[in-house]
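>>> attaching a predicted model along with its sequence, questions to come.
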6 protein chains.
Amino acid sequence: MFYNLIAKIDEKFHFPVVSAHCDIPCKIYDPISAQLAVLTIIRMVDLLDELKAKDTLTLDEQAQFLRLVDQKEKHGLKVKAEVNVIWGDYIKAPQLDAYPELHELVHNIMLATSQAKQHISKAASLKLLTLVNRFAEIFWTTKGVETFVAACPYPPTQPLIYPKLA
Amino acid sequence: MFYNLIAKIDEKFHFPVVSAHCDIPCKIYDPISAQLAVLTIIRMVDLLDELKAKDTLTLDEQAQFLRLVDQKEKHGLKVKAEVNVIWGDYIKAPQLDAYPELHELVHNIMLATSQAKQHISKAASLKLLTLVNRFAEIFWTTKGVETFVAACPYPPTQPLIYPKLA
Amino acid sequence: MFYNLIAKIDEKFHFPVVSAHCDIPCKIYDPISAQLAVLTIIRMVDLLDELKAKDTLTLDEQAQFLRLVDQKEKHGLKVKAEVNVIWGDYIKAPQLDAYPELHELVHNIMLATSQAKQHISKAASLKLLTLVNRFAEIFWTTKGVETFVAACPYPPTQPLIYPKLA
Amino acid sequence: MFYNLIAKIDEKFHFPVVSAHCDIPCKIYDPISAQLAVLTIIRMVDLLDELKAKDTLTLDEQAQFLRLVDQKEKHGLKVKAEVNVIWGDYIKAPQLDAYPELHELVHNIMLATSQAKQHISKAASLKLLTLVNRFAEIFWTTKGVETFVAACPYPPTQPLIYPKLA
Amino acid sequence: MFYNLIAKIDEKFHFPVVSAHCDIPCKIYDPISAQLAVLTIIRMVDLLDELKAKDTLTLDEQAQFLRLVDQKEKHGLKVKAEVNVIWGDYIKAPQLDAYPELHELVHNIMLATSQAKQHISKAASLKLLTLVNRFAEIFWTTKGVETFVAACPYPPTQPLIYPKLA
Amino acid sequence: MFYNLIAKIDEKFHFPVVSAHCDIPCKIYDPISAQLAVLTIIRMVDLLDELKAKDTLTLDEQAQFLRLVDQKEKHGLKVKAEVNVIWGDYIKAPQLDAYPELHELVHNIMLATSQAKQHISKAASLKLLTLVNRFAEIFWTTKGVETFVAACPYPPTQPLIYPKLA
């Protein structure tokens, strides 16, 4: 409607009708959100293992068990969603040419997240972290940003890929 | 905890301790949910084009414009989510071996959905339908189910891939 | 505002002011979404019954128990929501005149879904399926579309009402 | 599993196995949530009408228009959801026998909410309030609680049905 | 864009360009939503205590345990969200001057809600109710509305702060 | 139930009943999530200003306007939610004693976010960033982690407070 109205006005009053290519709203892409979600899964597993070590659980502790499993599940969904946003919105032909491993890596992240959701397993969640860190490393490199590894500044104290900030 | 308790009881009373492989909760996978979301996008574009054809819009019609754009956006997100669930949860090595096109097809669905979200374009949404129909076709074939094409029984009357039901 | 502006311009320049009846954004109505949600409930009950048959559960299996109950709950909410959308948005006087049973049927679906949510019961979920299938049958008939019954092409292999596609 | 384990222990050690009827988790039902949602719709319409009265809108005001339409939409969905919870979870045969108008009233609330969502209309939203107030009145009466009418203590200053508190 | 277009038209045709202060969309603030959420937490604890009193739980009752803990959790999040909306959107300098206790009270509500979420404790949830009632009392007083205390008209029959309606 | 059962078994068989203090599930707290949300708001404002500079908007560009305003709104809600989680879950007496400014700072973040939501204003969003950066700085200091300032590695290239990683 607006275009037609403007066109009509234009016919009469010669306002310039500028049509322009519409830019993609730039959501800020940063793999830290996916990395934080994996760290939370690892943390939940550590707390679940503490409960596992007890002979008996009070009712509060059983409720705690539920809450930890539920948080692990939710953060698994978050890992998948965050990685899919970067892969589905940002990764295009240039990045795929530079890193042909990308589709398979992302798919493996999906499978590894399912494993981490379905099992209370430190190994499964650490494997997921390795894959997500690799994805982060590729992401930053495609952006021309160098990376380094450091332990994250909170439990679980695990190595993360970080961008080298200017 | 439960395992330890059972182990202790077992020591004393010899109940069988059965450990079993935990099955994946089977969410029912069906590409129809993704296909319905694409049809909704197409329908929204058709209604937006009707508004586009008017010289002027009343305030109600401008609110309608908003609501249509918002629904188009939401259903775009739904297409991505539904396809990602099948690709990330169900598609594994056997399906990838049989259909090496899968990763690229799914990635192209992501890109095509972004296009359909960012533009009011019948062409973009029809292209998305083509890709999602191809994905549905592969899905059913990996399940050993034959498919056929038929027009969906509501506007927009577009061709969909359907499973041949026994 | 826009209308006033257009009215002012119109006074001066006689552009036609067209007011038109605003169309309902057509969400595509299809009972398959509700039917899929019921099938998922049935599937969850089957998997829960498998766990019920074990003497003991490992910690992973207890977490599995949680996840199955949670999915059953979520899909119960989805059944209610999907049926309510069709009943609340689409069903009007003509359909009610043709099928006076509709209000009571939909209300019974709500009650049956509550039962299926609150109990791990194959019977309760199968009863829900019967009601939702009846709702689907009425829906298609009001649309002038013939229906037929077929087993859905995945576990749980249950009969569903499907539209006969041209 | 737990039942079987207990049964086995019971066989040996004769602990009482108590099976009990599982109570419905009592969500607190109160129609005030639905009533608040209708009041918000009315408030949004009033603010939209203020914008409608202007000759021109700054860009901030156009964004405001969007935000008001979006809130009106969201609160329409909330009205439907809140009424459906009470109708679908709480209303049963005794209430239906006492108030045979209930199914039709609830369905009319669904239709009236759709109207209020699709149009910027004070009349449509006031009509919705009348229906929701009637629903609230029936609800409280089925609970054996007397009601009274009072203006709500904030804009829009509209009459609401309130329960007479002891 | 619209402003520029209007400015251009204005230059030529002298329509008044009115710029106005944009009003805050008035969401209706009412502490009853937070109060209802606390009552639900208390109700969940009462039902959980009933389960706690049993020697054994059937599988349905264990699922019930899960659903009650989950609802308690969700309503804890709702208490926080509802209180934060009023505190973050409505409370400003005048109210803070009149009630310097407000920031600390709201922060204590956050801490008390965490306690109520993490434990199955009647005491913790009643303490939360006391704090939320105080918040409601302050809210109404800042609005110039008198309050009174009455038992809410459903289980759990707890005292709530209510506004005195004209 | 489990506790009672264990107690009964204990009476007979003297298994140790261990009751332990239940730990808080450690969600990983990191202000980066709030900081990312503010950056997105700033980015949306920049893109909205680009549209503002055009004389006319095509229909696609008007839809773009909607999508940008909607994203700005959503990320405003995210800023509030993320800051409230850290303030409501993590900040306790020791941190409040060390930083008495905290309650007022958090409340000002709420007010500043409302401003950034209600206006398309670079100034309002930059002010919000200053406040959120200050909150991040305090957070890291309470954790015993040094901070530094660097430009974030993507548009909008704004200074962020970062933790000095070992």
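Done, it's in. Numbers count the residues shown, from 1 in each chain, chains lettered A, B, ... in the order given.

>>> can we go C-alpha only for contacts and neighbour counts from here?
OK.

>>> ranges for the helices of chain A?
Using DSSP state H, the helices found in chain A span residues A:2-13, A:32-52, A:59-85, A:93-98, A:102-118, A:122-142.

>>> check the ones you listed for me: which has the lowest mean pLDDT.
Of all these, helix A:2-13 carries the lowest average pLDDT, namely a mean of 37.

>>> reformat the helices of chain A as a markdown table; add mean neighbour count.
Shown next, in a markdown table, are the helices of chain A (neighbours: other CA atoms under 10 Å in any protein chain shown):
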| stretch | mean neighbour count |
| --- | --- |
| helix A:2-13 | 15 |
| helix A:32-52 | 23 |
| helix A:59-85 | 21 |
| helix A:93-98 | 12 |
| helix A:102-118 | 21 |
| helix A:122-142 | 20 |
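
>>> need the residues of chain A near chain E, please.
Listed as neighbours of chain E in chain A under the rule CA under 8 Å from any CA of the partner chain: A:59-60, A:63-64, A:66-67.

>>> redo that, cut-off 6 Å
With the criterion set to CA under 6 Å from any CA of the partner chain, chain A comes near chain E through A:D60.

>>> state which one residue of chain A is found closest to chain E.
Closest to chain E within chain A is A:D60: 5.7 Å, counting by CA to the nearest CA.

>>> got the contact list for that residue?
By CA atoms under 6 Å, 6 or more residues apart in numbering or on different chains, the residues touching A:D60 are E:119-120.

>>> re earlier: of all the helices of chain A, which one is nearest E:T147?
Closest of the helices of chain A to E:T147 is helix A:59-85, at 36.5 Å (criterion: CA to CA).

>>> report the distance from that closest one to the chain centre.
15 Å (CA atoms, centre = their mean, to the nearest Å).

>>> what of stretch A:93-112?
14 Å.

>>> cool, stretch A:155-162 as well?
With CA atoms, centre = their mean, you get 15 Å for stretch A:155-162.

>>> give me the contact list for it.
A:43, A:133, A:147-152.

>>> A:W87: which of those is nearest?
Distances from A:W87 to these, taken by CA to CA, are shortest for A:N133, at 14.2 Å.

>>> skipping its backbone neighbours, what lies nearest the closest one in space?
Computed as CA to CA, 6 or more residues apart in numbering or on different chains, the closest residue to A:N133 that is not its neighbour in sequence is A:I161, at 5.6 Å.

>>> what's the burial count for the one you found?
Using other CA atoms under 10 Å in any protein chain shown, A:I161 has 22 other residues around it.

>>> sorry, back to before: next, format the helices of chain A as TSV and append distance to C:K92.
Below are the helices of chain A laid out as TSV (distance: least, CA to CA, whole Å):
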stretch	distance to C:K92
helix A:2-13	35
helix A:32-52	46
helix A:59-85	39
helix A:93-98	50
helix A:102-118	43
helix A:122-142	51
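
>>> so which of those gets nearest F:N108?
Nearest to F:N108, of all the helices of chain A, is helix A:32-52, at 25.3 Å by CA to CA.

>>> tell me if that closest one is near chain C.
No. Using CA under 6 Å from any CA, helix A:32-52 never reaches chain C; the gap is at least 7.6 Å.

>>> now intersect the contacts of stretch A:155-162 with the strands, please.
If you go by DSSP state E, the contacts of stretch A:155-162 have A:147-151 in strands.

>>> between those residues, which sits nearest chain D?
Using CA to the nearest CA, A:T147 is the member of the ones in strands among the contacts of stretch A:155-162 that lies nearest chain D, at 39.5 Å.

>>> which two of the ones in strands among the contacts of stretch A:155-162 have the greatest separation?
So, those by CA to CA: farthest apart are A:T147 and A:A151, at 13.3 Å.

>>> among those two, which residue is more densely surrounded?
Taking other CA under 10 Å, A:T147 and A:A151 do not tie; A:T147 has more neighbours (18 against 15).

>>> that one bridge partners, please.
Beta-bridge pairing for A:T147 (DSSP bridges): A:P163.

>>> and for the one 4 residues further on?
On the basis of DSSP bridges, A:A151 is bridged to A:P159.

>>> which residues touch it?
A:157-159.

>>> change it to 10 Å
A:157-162, F:165-166 (CA atoms under 10 Å, 6 or more residues apart in numbering or on different chains).

>>> same question, A:L165
A:145-147, F:149-153, F:162 are the contacts of A:L165 under CA under 10 Å, 6+ apart.

>>> got it, and A:M44?
Contact analysis of A:M44 by CA under 10 Å, 6+ apart lists A:38, A:50, A:65, A:67-73, A:75, A:120, A:122, A:125, A:156, F:25-27.

>>> switch the cut-off to 8 Å
When contacts are counted by CA atoms under 8 Å, 6 or more residues apart in numbering or on different chains, A:M44 is found next to A:68-69, A:71-72, F:25-26.

>>> from F:C26, how far out is it?
Using CA to CA, to the nearest Å, A:M44 is found at 7 Å from F:C26.

>>> and A:Q62, by the same measure?
Using CA to CA, A:Q62 is found at 17 Å from F:C26.

>>> same question for A:M110.
Taking CA to CA, one finds A:M110 at 24 Å from F:C26.

>>> cool, and A:S125?
A:S125 sits 16 Å away from F:C26, taking CA to CA as the criterion.

>>> again, but for A:E137
From A:E137 to F:C26 the distance is 26 Å (CA to CA).

>>> same question, A:V79
Distance, A:V79 to F:C26, by CA to CA: 17 Å.

>>> likewise for A:I42?
10 Å.

>>> one more: A:G144?
Per CA to CA, A:G144 is found 34 Å from F:C26.

>>> and what of A:K164?
Taking CA to CA, one finds A:K164 at 28 Å from F:C26.

>>> so for these two, which sits in the more crowded spot?
Of the pair A:K164 and F:C26, F:C26 is the one with more neighbours under other CA under 10 Å, namely 16 against 12.

>>> ok, the residue nearest to that one when sequence neighbours are not counted to A:L57 distance?
Leaving aside its sequence neighbours, F:C26 sits nearest to A:R43 (CA to CA, 6+ apart; 6.9 Å). Relative to A:L57, A:R43 is positioned 20 Å away (CA to CA).

>>> same deal with A:L36?
Shown here: A:L36 relative to A:L57, a distance of 29 Å by CA to CA.

>>> now A:I86
Distance from A:I86 to A:L57, counting by CA to CA: 41 Å.

>>> those two - which one has more neighbours?
Ranked by neighbour count (other CA under 10 Å), A:I86 and A:L57 place A:L57 first, with 24 against 19.

>>> now do the phi/psi pair for the more buried one.
Backbone geometry at A:L57, expressed as degrees, to the nearest 10, gives phi -120, psi 130.

>>> where's the nearest residue to A:Y99 once chain neighbours are set aside relative to B:Q64, distance?
Spatially, and ignoring its direct neighbours in sequence, A:Y99 is nearest to A:I138 (7.6 Å; CA to CA, 6+ apart). Separation of A:I138 from B:Q64 (CA to CA): 43 Å.

>>> OK, contacts around A:L105?
With the criterion set at CA under 8 Å, 6+ apart, A:L105 makes contact with A:131, A:135.
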